[in-house]
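> I would like the atomic coordinates for the input below:
(chains A and B)
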There are 2 protein chains.
Amino acid sequence: VSAVPLREVERRIEKLQDHLRAARPPLDGALLIQNVDVYYLAGTFQSSHLIVPARGKPRLLVRRVLERARDDSPLQDVLPMTSLRDLPGHLRDLCGDPPWRLGLELDVLPVRQYRHYREILGEKVEAADVSATLLEIRAVKSEWEIERIRRASRVIARVFAEIPELLEGDRSTYELQSLFELRARNLGHPGVIRLRGLNLDCPVGYVVSGPSGAAPGHSIFPIGGRGTDPCSPAGGDFEKVRPDTPIIFDFLGCIDGYYADQSRMAVKGTLPAGAEEIYGHMQEVLRFCEENLGAGAVPSEIYRRALDLVESRGLSRGFQGPPGHAAGFLGHGIGLEVNELPVLAPKFHRPLEEGTVIAIEPKFTHPDWGVIGIENTYAVRRDRLENLTPISEAVIEG
Amino acid sequence: VSAVPLREVERRIEKLQDHLRAARPPLDGALLIQNVDVYYLAGTFQSSHLIVPARGKPRLLVRRVLERARDDSPLQDVLPMTSLRDLPGHLRDLCGDPPWRLGLELDVLPVRQYRHYREILGEKVEAADVSATLLEIRAVKSEWEIERIRRASRVIARVFAEIPELLEGDRSTYELQSLFELRARNLGHPGVIRLRGLNLDCPVGYVVSGPSGAAPGHSIFPIGGRGTDPCSPAGGDFEKVRPDTPIIFDFLGCIDGYYADQSRMAVKGTLPAGAEEIYGHMQEVLRFCEENLGAGAVPSEIYRRALDLVESRGLSRGFQGPPGHAAGFLGHGIGLEVNELPVLAPKFHRPLEEGTVIAIEPKFTHPDWGVIGIENTYAVRRDRLENLTPISEAVIEG
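The predicted model follows:
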């Protein structure tokens, strides 16, 4: 486990400050409270508020635990905060006299908490939403971050190699899911998955197979599954895996808080010829993305062309989810959260920047076979994608 | 897995409607979007909005998946919702002509999403915070709910019985934590833990032991631990469990979305006499609570008297967390979320109602031994507490 280096944090804070000053009207600073954003900018998950002024050094105000925050964070100005009532004083220190125009994470900050801040900061503050800016900055990774994602992939690749062994015996998809996760954890996976937004959660991975794996999911993912009960209505279930039926393993590796997302196919026995063919087409879609995505590529355009390719193979109905329930995207940014920017989807017209990390996951839902597809996580390079999850794509036989 | 019965949902909705009408000024209805609240009132976790008018039948508007929501929910009026723009029409159907005074879950609804609703509903809506009301209603459980919590406890009790076996071999607290969780999952535990609020999460359980287990946590729990890395800074770590050192297992059972919380002590070898003594005092605190909590008891008063008892035993420094980092409560409501009302803490003066479910967890943090304590989940009965987690409290020897 490596602490976040000072130069990393400095570069991130500089980028945020550039944005704060470039905003129209300019912002005097940002007040950040979501734990992933605080970790990104200050290197600690301890319960804290982070003030980033438009100019000058940031200050981390720690509710608990101060000693651990000081150990974790490369920042210099790390102080205890016993009461939110101290906030105006700290803002004055860093951003000058009020009124302040302040960036807040309005995409995750609950209304009641927001009103409490407004009350404490009084009429002297004008609140702006800084979350889109933060997510855009976070989308483009440094080499240090990309190395973490690469390592996250390597750890979980070891469990993918053990799938033949996991498939021995008479197991349900839910058992396979739990067993895979246990093995990942025993290799250092923290077992925590972070998604941004209300009502979003997912486990370390999904294993689905056959008809119950074809059940549409309530969430935003291109993989559904019946799940274990109405309260956990996605992913694996208690039915035993059937022979000669496709099984998909979709798992998130994690190192130092960074995720790598990958999916591979497996089968006990032999894949039906039709399933094999669909899998070939999903790989074809992935190859198309690999060949056409690089710095400067436009996500919405690649998405459209990928859908054309899928249509030409006769697989539109079922692509990215059962008919009527398709997820409207083909790939998603990933880093400290699983659902980051950019998205390979219709509304994303901004050309990709070098260093962007994106998971691409063409997946077809078949009513009898479940989900058939593949997923890798990539770093966007000048003229290509670098695969950060480079394990064999061959169907794993158990 | 049992669907939520119609009579359960009807009783809950009636209670909410009573509150909506009794509010001053009265509310015309509530618009609910958080998945746990929707499950509580409509019996499904599918992605939905629920409109509960002050009078008449509620309507569930399902974004995805309609078929599954109709299968899960005992409600009659379950319709698809393709666009939020349809909301005003539905509100008109159920709550009459605008303006509407509408209850929203402002404790979890993010500001950006809230503004989006306001934009769609226009000037015709006045928003009130209905979350406190909802949480008060949810605090008092029906016998059907209490039975779920009892079952959640029974399932996880089977894994507690396997602790001697888990302690064989040379394992770290993190390995024990993952292994316990795997066994719970294989008995049907969904592996998902829900807490209400920004920045709150926890795994299915914690296992901590020795000095690293005494590290203060960043979160609100009376149990900390070093954790595995700065991004997962609580619970077990990769150090092997030492002989003759207390180990605490703190785990959440789950059935049909309902949690039961319990902690037990274990040791490889023999507990030091001093640790044994501390454990005896924590049990004494729990007995005190059992004897003094029942319908009508005042949480803040019992909390104060329990702290007096702890002080008389010379254990104030370290109770509920390391000195300077103590959690300010001794117990918490629990149900569909782990952090429900009421709280056994200074500010909770409202007398307990029959049917309230509360987890009580006296825990002492010792710098060398880690956390020593116990936890049970109870239903408040007319003149006593009923223990829903009735497994042996003897220290488990491995």
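> Could you list the residues of the stretch 151-300 of chain A in contact with chain B?
The stretch 151-300 of chain A comes close to chain B at residues A:174-175, A:178-179, A:181-182, A:185-186, A:188, A:190-192, A:194, A:197-199, A:201, A:203, A:215-219, A:227-233, A:238, A:256-257, as judged by C-beta under 8 Å from any C-beta of the partner chain. (Each C-beta comes from the backbone N, C-alpha and C, glycine too.)
> Quick check on those: which are buried?
Using 16 or more other C-beta atoms under 10 Å in any protein chain shown as the burial test, those include A:174-175, A:178-179, A:181-182, A:185-186, A:188, A:190-192, A:194, A:198-199, A:201, A:203, A:215-219, A:227-233, A:238, A:256-257 as buried.
> Now intersect the residues of the stretch 151-300 of chain A next to chain B with the helices, please.
A:174-175, A:178-179, A:181-182, A:185-186 (DSSP state H).
> Let's have those in JSON lines, adding distance to B:P351.
JSON lines is the format used below for those (distance: C-beta to C-beta, whole Å):
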{"residue": "A:Y174", "distance to B:P351": "43"}
{"residue": "A:E175", "distance to B:P351": "46"}
{"residue": "A:S178", "distance to B:P351": "42"}
{"residue": "A:L179", "distance to B:P351": "47"}
{"residue": "A:E181", "distance to B:P351": "43"}
{"residue": "A:L182", "distance to B:P351": "44"}
{"residue": "A:R185", "distance to B:P351": "43"}
{"residue": "A:N186", "distance to B:P351": "47"}
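> could I get the residues you listed as JSON lines with pLDDT?
Putting those into JSON lines (pLDDT from 0 to 100) gives the following:
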{"residue": "A:Y174", "pLDDT": "96"}
{"residue": "A:E175", "pLDDT": "96"}
{"residue": "A:S178", "pLDDT": "95"}
{"residue": "A:L179", "pLDDT": "95"}
{"residue": "A:E181", "pLDDT": "95"}
{"residue": "A:L182", "pLDDT": "93"}
{"residue": "A:R185", "pLDDT": "92"}
{"residue": "A:N186", "pLDDT": "90"}
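> just checking, what packs against the longest helix along chain A?
Scanning chain A for the longest helix, with DSSP H as the assignment, gives helix A:273-292. On a contact count with 3 or more C-beta pairs under 8 Å, 6 or more residues apart in numbering or on different chains; DSSP states H and E, helix A:273-292 meets helix A:299-312, strand A:363-366, strand A:370-373, strand A:385-387.
> Show me what the helix or strand that the first one is followed by is packed against.
Which is helix A:299-312. Under the assignment DSSP states H and E, the closest C-terminal helix or strand after helix A:299-312 is strand A:331-333. If contacts are counted by 3+ C-beta pairs under 8 Å, 6+ apart, strand A:331-333 sits against strand A:340-344, strand A:357-360.
> Swap in 10 Å and give it another go.
Here strand A:331-333 touches helix A:131-139, helix A:299-312, strand A:340-344, strand A:357-360, strand A:376-380, going by 3 or more C-beta pairs under 10 Å, 6 or more residues apart in numbering or on different chains; DSSP states H and E.
> Quick one: mean pLDDT for that strand?
Average pLDDT, strand A:331-333: 98.
> go on, stretch A:270-279?
98.
> who's in contact with it?
Stretch A:270-279 is touched from outside by A:243-248, A:265, A:267, A:313-315, A:318-319, A:362, A:364, A:366, A:368-370, A:372-374, A:393, A:395, A:397, with contacts defined as C-beta atoms under 10 Å, 6 or more residues apart in numbering or on different chains.
> Give the buried residues for that stretch.
In terms of neighbour count (16+ other C-beta under 10 Å), stretch A:270-279 has its buried residues at A:271-272, A:275, A:278-279.
> pLDDT weak spots in chain A?
Within chain A, the segments meeting pLDDT under 70 span A:1-2.
> Out of the contacts of stretch A:270-279, which end up buried?
The neighbour count (16+ other C-beta under 10 Å) marks A:245-248, A:265, A:267, A:313, A:315, A:318-319, A:362, A:364, A:366, A:369-370, A:372-374, A:395 as buried among the contacts of stretch A:270-279.
> In contact with the spatially most central residue of chain A, which residues are there?
The C-alpha lying nearest the average C-alpha coordinate of chain A belongs to A:V338 (C-alpha atoms, centre = their mean; 1.3 Å). Residues counted as contacts of A:V338 (C-beta under 10 Å, 6+ apart) are A:193-196, A:200-202, A:221, A:252, A:254, A:259, A:261, A:332, A:359.
> for A:P322, same thing?
Neighbours of A:P322 in contact, by C-beta under 10 Å, 6+ apart: A:214-217, A:224, A:364-367, A:371, B:65.
> ok, 7 Å please
By C-beta atoms under 7 Å, 6 or more residues apart in numbering or on different chains, the contact set of A:P322 is A:214, A:216, A:365.
> so who does the last one touch?
Remark: with contacts taken as C-beta under 7 Å, 6+ apart, A:T365 is in contact with A:214, A:318, A:321-322, A:371.
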